[in-house]
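Q: Mind folding the following:
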Amino acid sequence: MVKKTGKPGNSTRAKALVSMAQQASQKYLEEIDVNMGDGYSLVYEKPSEESINYAFELTKQNMQELYEQAPEWGWHDDEKMKEIKSAKQHTLFVHHEGQRRGICCLRWLTENNEPVLYLYEIQLEASACRFGLGTKIMTLVEKLASKSRMQKVVLTVLINNVAAVEFYRKLNYTNNEKLDKTFSYRILSKKIKPDGDVELKYQA
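A: Here you go, the predicted structure:
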C-alpha cells in the first residue's frame, strides 16, 4: 500500500535512475532466488490470473479490517486489484513445498525528488509466520534497491498495525516526512548505499 504526500518539484537525475531501474527490472527480478531456510524461498513470478488473484485475496484477508479502521483509506476491492495489476508493480512470492505462502510487492519510483524502491506489501499466510521471513524479505528488498541504485527503500505503514510499525522500527526505518499526528499512517524510509554488484541469489 502507498500514500503519497510528497513535496512538489522535479529531479532529472532521480527520474533518470528510476527509468533505468524500470527498464532493467525484468533482469533484476529474474535474478532473485533466496533460500530463506525451513523450506521457504523467495522468487519472482511473471503475472498470471492465478498469481494476481492470490496476491489480492491474501492482502484482503490480512489487511481489510486494518484498512477499514483508517479514515483516509477504507477497503475497496477494485482499487486494490488495480494496484496489484499495475504494470509498474512487481510481486515476489514466498514458496514452501511448491505452494505460495506469501507476497512482497514493489515499485521503482521517485518520492520527494529521490529515486526509491517503494515497498507496497509484505503479506504472509498464518502458517508462514514466526520463521523470521519478514526480516529476510526486507534484506532482499534492500539488496534489490542497492543493486538498482536507489537511494532509499520507502514504505507506508498504518499506525494501527502496531506489529508492523515495531517491525520496521527495529530494522531502522524512520519517518520519511513529517505528517500530522491525526494521520492514520506513517511513511517510513531507510537510506541505501548503491552497489551494482549485489547478489540477488543467495542463502539467507
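Q: C-alpha from now on. contacts and neighbour counts both.
A: OK.
Q: Pull the helix or strand where Arg13 lies out as CSV, backbone CA atoms only.
A: Assigned by DSSP states H and E, Arg13 falls within helix 12-23. The C-alpha trace of helix 12-23 is given here as CSV (Å, rounded to 0.1, in the frame of the first residue of the first chain):
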residue,chain,number,x,y,z
THR,A,12,16.1,14.9,-13.6
ARG,A,13,18.6,12.6,-12.0
ALA,A,14,16.1,10.8,-9.9
LYS,A,15,13.8,10.3,-12.8
ALA,A,16,16.7,9.0,-14.9
LEU,A,17,17.7,6.5,-12.3
VAL,A,18,14.2,5.3,-11.8
SER,A,19,13.7,5.0,-15.6
MET,A,20,16.9,2.9,-15.9
ALA,A,21,15.8,0.7,-13.0
GLN,A,22,12.4,0.1,-14.6
GLN,A,23,14.0,-0.8,-17.9
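Q: next SSE after it?
A: helix 25-31.
Q: Count the neighbours of the residue nearest to Leu29 when sequence neighbours are not counted for me.
A: Distance criterion Cα to Cα, 6 or more residues apart in numbering; nearest residue to Leu29, sequence neighbours excluded, is Tyr44 at 5.9 Å. Residues contacting Tyr44 under the criterion other Cα atoms under 10 Å number 19.
Q: Phi, psi for Tyr44 please.
A: In terms of degrees, to the nearest 10, the main-chain angles of Tyr44 are phi -100, psi 140.
Q: And the pLDDT at it?
A: Reading off the confidence values, Tyr44 has pLDDT 98.
Q: show me where pLDDT drops low in this structure?
A: 1-10 (pLDDT under 70).
Q: Contacts only, for the residue nearest to Leu29.
A: 29-30, 32-33, 91-93 (Cα atoms under 8 Å, 6 or more residues apart in numbering).
Q: how about those, which pair is most distant?
A: The widest separation within the contacts of Tyr44, taken as Cα to Cα, falls between Asp33 and Thr91 and amounts to 13.3 Å.
Q: out of these two, which sits in the busier spot?
A: Under the criterion of other Cα under 10 Å, the comparison of Asp33 against Thr91 puts Thr91 first, with 23 against 18.
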